[in-house]
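Undergrad: I'll drop the sequence and a predicted model, then ask my questions.
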Amino acid sequence: VATNATVYVNGCLMKHNFCGYTTFEVDITDVAKFDEENTIAVYVNTSNHEGWWYEGAGIYRHVWLIKTSMISVDLWGVFAKPMYKKNDNWDVLTEVTIRNDYFKRKSITIKGEILDAEGNIIAFNSKSCMVNDKDKKVIKYNFEINSPNLWSPENPYQYTMRTYLYHNEVLLDTVDTKFGFRFVELNPKKGLFINGN
């Protein structure tokens, strides 16, 4: 939203966002009326500019309504970081941020899979823990992968990190995250190298 935005839901001030170049979210859970009409208003103030060019005013990207369970994977809550070890062995260091919107501590289980581009499961891991009431928790685990297909501009091969969130063996949320394996090196004399090229 360009540029300074204020978001109201059913007359309640919910969010200020001061940059037209960043995404943001507004959690409307506490003020949303279920089975009734809701009013969302966005006020945009363009008195101050972020740049010297004309930026316009208004909503310039998609707006999504995301509905989740009270326990869910947070927005942008899965981070997969491939790390090369040696002999074409890789670790995929993974962080999953879980949010618990209940007023009670809850036990959860995370199950993660890595799928290749053809949909075959090539790795699996899981972890269980407790998430405090009205809190977020980052869960970390690792996958070991041997000889993955490397991503490059000529062959943009991607894998999928599929994350499942369970509470009492009931599936609450599923999130797919795309990522690739690659070596990146920036040499001030020779330039940018991807996978040695």
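TA: Great, that's in hand.
Undergrad: which element is the spatially most central residue of the chain on?
TA: By CA atoms, centre = their mean, the chain has its centre lying nearest to residue 76, at 1.4 Å. In this structure, residue 76 sits in strand 71-84 according to DSSP states H and E.
Undergrad: show me what that strand is packed up against.
TA: In terms of contacts (3 or more CB pairs under 8 Å, 6 or more residues apart in numbering; DSSP states H and E), strand 71-84 is packed against strand 89-100, strand 159-167, strand 170-179. In short, each C-beta sits where N, CA and C put it, glycine included.
Undergrad: just the residues contacting that strand, thanks.
TA: Outside strand 71-84, the residues that touch it by CB atoms under 8 Å, 6 or more residues apart in numbering are 25, 66, 90-102, 106, 108, 131, 136, 145, 148, 161, 163, 165, 167, 172-173, 175, 177, 179-183.
Undergrad: buried members of the residues you listed into ChimeraX, please.
TA: Of those, the buried ones can be selected in ChimeraX as follows, counting by 16 or more other CB atoms under 10 Å:
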select :90,92,94,96,97,98,99,100,101,106,108,131,145,148,161,163,165,167,172,173,175,177,179,180,181,182
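Undergrad: can I get stretch 149-158 in CSV, CA atoms only?
TA: Extracted in CSV, the C-alpha atoms of stretch 149-158 (Å, rounded to 0.1, in the frame of the first residue of the first chain):
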residue,chain,number,x,y,z
ASN,A,149,19.9,-31.7,-8.3
LEU,A,150,21.4,-28.2,-8.2
TRP,A,151,19.5,-25.1,-9.1
SER,A,152,20.9,-22.9,-11.8
PRO,A,153,19.6,-20.3,-14.3
GLU,A,154,19.8,-22.9,-17.0
ASN,A,155,18.1,-25.6,-14.9
PRO,A,156,16.0,-24.0,-12.1
TYR,A,157,15.3,-27.2,-10.3
GLN,A,158,13.3,-26.8,-7.2
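Undergrad: list the buried residues in it.
TA: So stretch 149-158, judged by 16+ other CB under 10 Å, has buried residues 150, 151.
Undergrad: run the chain-centre distance for that stretch.
TA: 22 Å (CA atoms, centre = their mean, to the nearest Å).
Undergrad: over to stretch 163-171?
TA: Taking mean C-alpha positions (CA atoms, centre = their mean), stretch 163-171 and its chain are 18 Å apart.
Undergrad: what does stretch 58-69 give?
TA: So, by CA atoms, centre = their mean, the centroid of stretch 58-69 is 14 Å from its chain's centroid.
Undergrad: the chain should start at 857 in everything you say after this.
TA: Sure thing, new numbering starts at 857, so read that last one as stretch 914-925.
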